[in-house]
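**Q** Sharing a sequence plus its predicted fold:
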Amino acid sequence: MLSFTYSTVILKTAIFIMAVLLIILSRIRIFEFENSGMVITIQYHHPFQKKWMVPFIEFPTHLFHDFSIKNNCLYLTLRKENEEFIDFKVRLYRIGSAQIKKIQQEFEEIKN
């Protein structure tokens, strides 16, 4: 039979591990990039969240001006209707190099 202090240590350790796992799970984000040909949509959502997500950024392709990818960040320059430019920074959460190359190819096609 376990002593009272030993079972308390096990209980505290289990609670600590569960708290750490909950924090890790709550920080998970899925990055979603979609190019329909006319509109580009970028959004983040949590994998366990069921409700509809508002896009982080959504813009028509004709407003796209330039882009760059540095240090897992996508930097976008869009042209406003009045010919001014606006810049956006989008973090690329846990995306592999193959997926980053696909995103680059998509933007290169739009740019040309």
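**A** Happy to help now that I have it.
**Q** okay, CA-based contacts and neighbour counts for the rest of this
**A** Noted.
**Q** Show me what counts as buried in the longest helix anywhere in the chain.
**A** Ordering each helix of the chain by length in residues (DSSP state H) puts helix 4-26 first. Buried residues in helix 4-26, counting neighbours by 16 or more other Cα atoms under 10 Å, are absent.
**Q** Mind listing the strands the next helix or strand after it pairs with, and their directions?
**A** Using DSSP states H and E, the next helix or strand after helix 4-26 towards the C-terminus is strand 30-35. Using DSSP bridges, the strands paired with strand 30-35 are strand 39-45 (antiparallel).
**Q** Give me the contacts around the partner strand.
**A** Strand 39-45 has contacts (Cα atoms under 8 Å, 6 or more residues apart in numbering) with 29-35, 53-61.
**Q** ok, now with 10 Å
**A** Contact partners of strand 39-45, identified using Cα atoms under 10 Å, 6 or more residues apart in numbering, comprise 28-35, 51-64, 90-93, 106-107.
**Q** Output it as PDB, restricted to C-alpha atoms.
**A** Extracted C-alpha coordinates of strand 39-45, given in PDB (Å, rounded to 0.1, in the frame of the first residue of the first chain):
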ATOM      1  CA  VAL A  39      -9.200  35.500 -53.800                       C
ATOM      2  CA  ILE A  40      -6.500  34.500 -51.400                       C
ATOM      3  CA  THR A  41      -7.500  33.500 -47.900                       C
ATOM      4  CA  ILE A  42      -5.200  32.900 -45.000                       C
ATOM      5  CA  GLN A  43      -6.600  31.800 -41.700                       C
ATOM      6  CA  TYR A  44      -5.600  30.100 -38.400                       C
ATOM      7  CA  HIS A  45      -7.800  27.900 -36.300                       C
END
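**Q** average pLDDT for that strand?
**A** In this model, strand 39-45 has a mean pLDDT of 85.
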